[in-house]
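Novice: here you go, sequence then predicted model.
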Amino acid sequence: QERLVASGGGLVQFGGSLRLSCVASGFRLDYYAIGWLRQAPGKEREGNVCHSSSGANAWYGDSVKGRFANSRDHSKNSVYLQMNSLTPEDTAIYYCAKCWARINGYEYADWGQGTQVTVSS
């Protein structure tokens, strides 16, 4: 069974940093572009990151560009999201997922267990 499990969330102060981890099981992560979505309270799930399977290219949404950085460790079948300069607007449940580009944006699938990130003001 293919699974993606995110972890590493927590409570952090305004301006702080967190590093999320995402472990894949049941499939080789290096075969897929992997990204991150988040869902804030009362809002729809939104994708913010999509990182190519090779790791050579990454897309970041405007709300996280310059603050978030994704990396991949294929030896651990894992990806990591380094989040810096966090604000309360980043408070959400974060999910990792397979992703791909479309004409008008990015799509995501097969996200699994998410991890809660809460940023205090």
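Specialist: On my side now, so go ahead.

Novice: beta partners for the nearest residue to residue 57 once chain neighbours are set aside?
Specialist: Nearest-residue entry for residue 57: residue 51, 7.5 Å, with adjacent residues in sequence omitted and distances by Cβ to Cβ, 6 or more residues apart in numbering. For the C-beta atoms, the positions are set from N, CA and C on the backbone; glycine is no exception. Note on residue 51: beta-bridge partners by DSSP bridges are residue 34, residue 58.

Novice: so where do the strands sit in this structure?
Specialist: For the chain, strands defined by DSSP state E occupy the ranges 3-7, 10-13, 18-25, 34-39, 46-51, 58-60, 68-73, 78-83, 92-102, 105-109, 115-120.

Novice: most tightly surrounded among these?
Specialist: Counting by mean count of other Cβ atoms under 10 Å, strand 34-39 has the highest mean neighbour count of these, with a mean of 24.

Novice: which other helices and strands does it contact?
Specialist: On a contact count with 3 or more Cβ pairs under 8 Å, 6 or more residues apart in numbering; DSSP states H and E, strand 34-39 meets strand 18-25, strand 46-51, strand 68-73, strand 92-102, strand 105-109.

Novice: and the residue sitting nearest the centre point of the chain, what does it touch?
Specialist: Residue closest to the mean C-alpha point of the chain, counted by Cα atoms, centre = their mean, is residue 36 at 2.5 Å. Residues near residue 36 by Cβ atoms under 8 Å, 6 or more residues apart in numbering: 6, 20, 22, 47-49, 68, 70, 81, 94-97.

Novice: how about 10 Å then?
Specialist: The contact partners of residue 36, taken as Cβ atoms under 10 Å, 6 or more residues apart in numbering, are 6, 20, 22, 46-51, 60-61, 64, 68, 70, 79, 81, 83, 94-97, 99, 108, 111, 114.
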